[in-house]
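1. With the input below, show me the fold.
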Amino acid sequence: MDVNTGSFRDPSGQVFEWDGEIYRNVFGPGVGDFEAARDGGIYDRLVEAKLLIPHEEVDMETSTSEEAVYRLKHPRLPVVSYPWEWPFSLLKDAALIHLEAMKMLVPLGFWLRDASAFNAQFDGDGIRLIDTLSIGRRIPESPWVAYGQFCGHFLGPLALAAYGDIRTLSLWRGNIDGYPLDLVSRMLPFWRRYRPGIFMHLTLHARAQGGADRKEDIGKVKQGGKTTISDRSLLGIVQSLLGTIKGIKWKRTSEIWDEYADIRTYAAEDVSKKSEYVEKVVKELKPGVVWDLGSNTGEFSLIAASHGAFVVSIDSDPGCTEYLYQKVTGNNGTKGVLPLTMDLANPSPGLGWDSRERLGLRDRGPADLVFALALIHHLVLSCCVPLKMIAKWFAGLGEYLLVEFVPENDPMVQKLLRNRSDQHLPYGLDVFKSDFGGFFKFVDHMALHNGRTLFLLRRRSDMNMPNCDEKNKSDCR
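-> Residues are numbered from 1 along each chain as shown. As a prediction, the model looks like this:
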């Protein structure tokens, strides 16, 4: 049994993997709410509305915990992602499904016991709630226990990204329990603090928190307090939050990626040839999961997804990933593409307790196939990462690698080398083949007319890779 590193905080249950399948144990503290929601058809309603991932009760023959009362089986997610990686609209959609669930639950005598952004994941078709046990019976006439958490996990980050700077979404890395609302309020432009909804749920909320320890007081009813709230009033708050979240919109300041096809240094013939080769590789390998690193507008991600792969499409430009998310979630969008914002020279690390509660990028693999198209020259010449280190990192991410080598005389490489003279890391086709050959076998290649070459590589076995020994195999996975 492999216990999920992010599920240890909940006394009601525990997620674990067994024989490649995903299960959830329901412990004693969660039994009452689970039985009430199950018997009342609550789970069925949420699943039918596409707000919650499904589950099925399974037998307890294989004992993994003596404390478990029930065991549930869930569909396996293609990959886990986190709020600091999400496009703006994905975070917004995650907020909206929490509120839509609350609208459905409150009239039935239930609510969400917590409203963490980590309770939402993209399943290939859309964003869904994944924490079955976060649904509980409502405490009669009590304020929503997760109100403060919702504002810190969704309202604050969205408002700051839209009205301040989209790059502030990276603050998630240092605030995985949610944004401090007083910080958000101070960082917002003055006049934005007084927008309807923002003023009530963020500005006044931050003032009310005062100097109290946010981690202790968030969303809790004060002992001895007489605050009561009816179902109608609670639904009014939920509706107000819905209107506020829907009204927060981020406007891209640059349209460069809309015109990307017109500004890149490819001739139409090379673009077509490159696309055909990518499609050929995908058809031959039939990968279940593809990671497209440095994906730009995601044109090659869409090719892989059109042949049934689930594609994690990673780029450092939030405008780029937002553009792709809007494209794939439209009425005629290609399903199975998850755009993520990430600087590949500084990929997501492990965070939380023991740096394992939220997994680093490498720990969420391996992929069946990795795309690194028009990427490595940027990593070497802009980010100063040696080719051998890049090769080793790629070897830890997936079984197959489709990589594009851009020669020294290419206009983009010449642009990167401008003003550098000879003061740069070793870069050239011979160095590339030598360094990557230590970690991969060269399977196939195709040259483009512009001098660039696409190489299909397959990872070598561990024992054949340099620097791999019995004590250090984890570095060479």
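2. Break the protein down into its structural domains.
-> Domain assignment for the chain by automatic domain parsing gives 117-247, 256-476.
3. starting at the chain centroid, how far to the longest one?
-> The reference is to domain 256-476. 18 Å (C-alpha atoms, centre = their mean, to the nearest Å).
4. hmm, back to that, let me have the domains of the chain in TSV, adding mean neighbour count and mean pLDDT as columns.
-> C-beta coordinates here come from the backbone N, C-alpha and C atoms, glycine included. As requested, the domains of the chain are exported to TSV (neighbours: other C-beta atoms under 10 Å; pLDDT from 0 to 100):
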stretch	mean neighbour count	mean pLDDT
domain 117-247	17	89
domain 256-476	17	88
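5. Gly28 is nearest to which of those?
-> domain 117-247 (12.0 Å; C-beta to C-beta).
6. Distance to Phe8 for the domains of the chain - can I get that in CSV?
-> Output for the domains of the chain, formatted as CSV (distance: least, C-beta to C-beta, whole Å):
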stretch, distance to Phe8
domain 117-247, 13
domain 256-476, 8
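7. how about these, which one is nearest Met60?
-> domain 117-247 (16.9 Å).
8. Report the separation between the two terminal residues of that closest one.
-> Length of domain 117-247, first residue to last, C-alpha to C-alpha, to the nearest Å: 19 Å.
9. right, and the domains of the chain - which one's nearest Gly32?
-> Ranking those by proximity to Gly32 (C-beta to C-beta) places domain 117-247 first, at 7.4 Å.
10. Which residue is the nearest non-sequential neighbour of Arg192?
-> Distances taken as C-beta to C-beta, 6 or more residues apart in numbering place Tyr163 nearest to Arg192, at 4.3 Å, with adjacent residues excluded.
11. My error: substitute Ala162 in the last question.
-> Once flanking residues are discounted, Ala162 sits nearest to Trp250: 4.4 Å by C-beta to C-beta, 6+ apart.
12. Quick check: the gap between that neighbour and Gly40.
-> Using C-beta to C-beta, to the nearest Å, Trp250 is found at 38 Å from Gly40.
13. cool, Ala267 as well?
-> According to C-beta to C-beta, Ala267 stands 62 Å off from Gly40.
14. just Arg364 next, same as before
-> 35 Å.
15. what residues are up against Gly164?
-> Contacts for Gly164 (C-beta atoms under 8 Å, 6 or more residues apart in numbering) come out as 187-189.
16. ok, now with 6 Å
-> Contacts for Gly164 (C-beta atoms under 6 Å, 6 or more residues apart in numbering) come out as Met187.
17. which residues touch stretch 279-295?
-> For stretch 279-295, contacts defined as C-beta under 6 Å, 6+ apart pick out 78, 300-301, 303-304, 307, 309-315, 344, 367-372, 375, 400, 402, 456.
18. Among those, name the ones in strands.
-> When the contacts of stretch 279-295 are checked against strands (DSSP state E), the matches are 310-315, 367-372, 400, 402, 456.
19. what's the most distant pair in the residues you listed?
-> The distance between the two most remote of those (C-beta to C-beta) is 22.0 Å, for Asp315 and Leu456.
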